[in-house]
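[1] Next one to model:
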Amino acid sequence: MSQKIITGPRQLFNDLPDATDEATSTFDVLLDCTYGARHLGTTEQALECDCVEEWDAQTQSNHACGEDSDCINRATKMECPGDCGCGDGCQNQRFQRKVYADVSVIKTDKKGFGLRTNKDLKPNDFIFEYIGEVISEPAFRRRMHQYDQEGIKHFYFMSLAKSEFVDATKKGNLGRFCNHSCNPNCYVDKWVVGDRLRMGIFAERQIEAGEELTFNYNVDRYGADPQPCYCGEPNCSGFIGGKTQTDDRGVQLSSTIQKALGIFGNEDWENAAHTKKPRKKKASEDDEEYIDSIELKQLGPADVKVVMGEIYKTQEKWIIVKLLNR
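    Numbers count the residues shown, from 1 in each chain. Just a heads-up that it's a prediction; the model follows:
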């Protein structure tokens with residue numbers, strides 16, 4: 001049986017003034033990621049595009065690589081190239097066209113700046129690309145020390161690939177203001193765009209205009225010492241942060257991989273992920289054995305695209321085997 005997280009009424013922040021101008025004065029705004037070395041953030045996974053327009057005769061609408069289309073690129077989390085057969089109607093070029101959600105920055109009571117949506121969002125809507133400086137692991141470790149020496153307490157590192165990170169601490173875009181929640185309304189996902197890997201923030205559920213946009217830092221971001229969490233959710237763990245790529249306190253998997261593996265919302269996994277004293281990975285136990293200790297959900301028709309996408313892009317062989325076995 002899965003454990004459903006209890007949530008309170010959705011809090012709206014429509015009454016707070018727009019603080020975007022003030023917020024953007026605190027860092028250097030980037031339109032695209034910068035790269036510390038030419039090879040960083042690159043991938044060889046890009047495929048040729050053979051998409052065609054998908055007109056619905058009844059609604060007279062072109063599905064054109066949209067959420068409900070049969071676009072294999074979209075299913076495997078790859079954007080279509082500029083010469084997609086769907087032309088200007090292609091709905092799978094959101095990173096390239098910067099099709100961002102209508103958002104504004106607000107000042108919260110305890111969390112500093114936050115990001116608010118100005119319009120309703122549907123599940124899986126693209127909100128923003130997470131933009132910053134793409135750096136190597138040695139540079140990541142140097143900056144961790146440097147920022148600590150400078151007294152910087154907020155952390156903006158996000159894992160992009162093995163030993164590669166996006167650092168939005170001093171250079172980035174509005175995506176850096178997306179705060180943490182132990183019960184977030186957004187998730188972060190990796191997409192292939194041309195020959196680059198790029199990170200996007202997407203709606204986890206239906207989100208009402210005025211809600212603050214949040215995702216789970218303890219899965220998707222890396223950085224400073226643990227800090228008190230002020231998300232206010234019933235399942236709040238009490239702390240955020242303190243995670244590094246070599247941290248062995250437990251398995252940390254993105255929500256998309258959790259869904260593909262069939263452990264998202266699983267009672268055992270939720271207990272491990274959200275309680276203040278989670279089950280720790282045993283010293284003699286590797287990641288695969290840890291996941292084996294949790295009963296997986298059965299694969300349903302709606303899960304197929306999610307599994308396909310993770311099979312194609314994951315670099316962990318044991319995860320690929322698990323997904324194929326599902």
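[2] hey, let's count contacts and neighbours off CA atoms from now on
    Will do.
[3] Nearest spatial neighbour of residue 207, chain-adjacent residues omitted?
    Nearest residue to residue 207 in three dimensions, chain neighbours excluded: residue 121, at 5.0 Å (CA to CA, 6 or more residues apart in numbering).
[4] number of nearby residues for the one you found?
    For residue 121, the neighbour count with other CA atoms under 10 Å is 20.
[5] buried sites along the helix or strand encompassing residue 138?
    Per DSSP states H and E, residue 138 falls inside helix 137-149. Neighbour counts over helix 137-149 (16 or more other CA atoms under 10 Å) mark 139-140, 143-144, 147-148 as buried.
[6] returning to what we had before: wait, doesn't the residue nearest to residue 207 sit right on residue 210?
    No: look at residue 121 against residue 210 with CA atoms under 8 Å: they stay out of range, at 10.6 Å.
[7] Where do the strands of the stretch 51-200 of the chain begin and end?
    55-56, 61-62, 103-107, 113-117, 126-129, 133-136, 157-161, 164-167, 171-172, 179-180, 186-193, 196-203 (DSSP state E, counting those that start in this stretch).
[8] May I have the strands that pair with the fifth one, each with its orientation?
    Within its sheet, and counting by DSSP bridges, strand 126-129 is paired with strand 196-203 (antiparallel).
[9] Can you give me the domain boundaries for the protein?
    Per automatic domain parsing, the domain ranges recorded for the chain read 20-45+93-228, 248-326.
[10] Pick out the shakiest of these, pLDDT-wise.
    When the domains of the chain are ranked by mean pLDDT, domain 248-326 comes last with a mean of 62.
[11] wait, what's in contact with the closest residue in space to residue 102 that isn't next to it in sequence?
    Spatial nearest neighbour of residue 102, chain neighbours left out: residue 118 (5.6 Å); criterion: CA to CA, 6+ apart. For residue 118, the contact set (CA atoms under 8 Å, 6 or more residues apart in numbering) comprises 102-104, 209-210.
[12] Narrow those to those that are buried.
    Among these, the ones that count as buried by 16+ other CA under 10 Å are 103-104, 209-210.
[13] Dump those residues to JSON lines, plus distance to residue 257.
    Shown next, in JSON lines, are the buried ones among the contacts of residue 118 (distance: CA to CA, whole Å):
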{"residue": "103", "distance to residue 257": "27"}
{"residue": "104", "distance to residue 257": "29"}
{"residue": "209", "distance to residue 257": "28"}
{"residue": "210", "distance to residue 257": "29"}
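[14] What is the neighbour count of the closest residue to residue 56 other than its chain neighbours?
    In this structure, residue 56 finds its nearest non-sequential neighbour in residue 62, 6.3 Å apart by CA to CA, 6+ apart. By the criterion of other CA under 10 Å, residue 62 has 17 neighbours.
[15] now do residue 54
    Residues within reach of residue 54, counting by other CA under 10 Å, total 16.
[16] again with residue 68
    Other residues close to residue 68 by other CA under 10 Å number 10.
[17] What's the separation between it and residue 101?
    When distance is defined by CA to CA, to the nearest Å, residue 68 is 19 Å away from residue 101.
[18] highest average neighbour count across the strands of the stretch 51-200 of the chain?
    Across the strands of the stretch 51-200 of the chain, averaging neighbours per residue (mean count of other CA atoms under 10 Å) puts strand 164-167 on top, at a mean of 26.
[19] contacting residues for residue 189?
    199-202, 254, 256.
[20] As a markdown table, those residues with distance to residue 15 would be great.
    Below are the contacts of residue 189 laid out as a markdown table (distance: CA to CA, whole Å):
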| residue | distance to residue 15 |
| --- | --- |
| 199 | 30 |
| 200 | 27 |
| 201 | 24 |
| 202 | 24 |
| 254 | 33 |
| 256 | 33 |
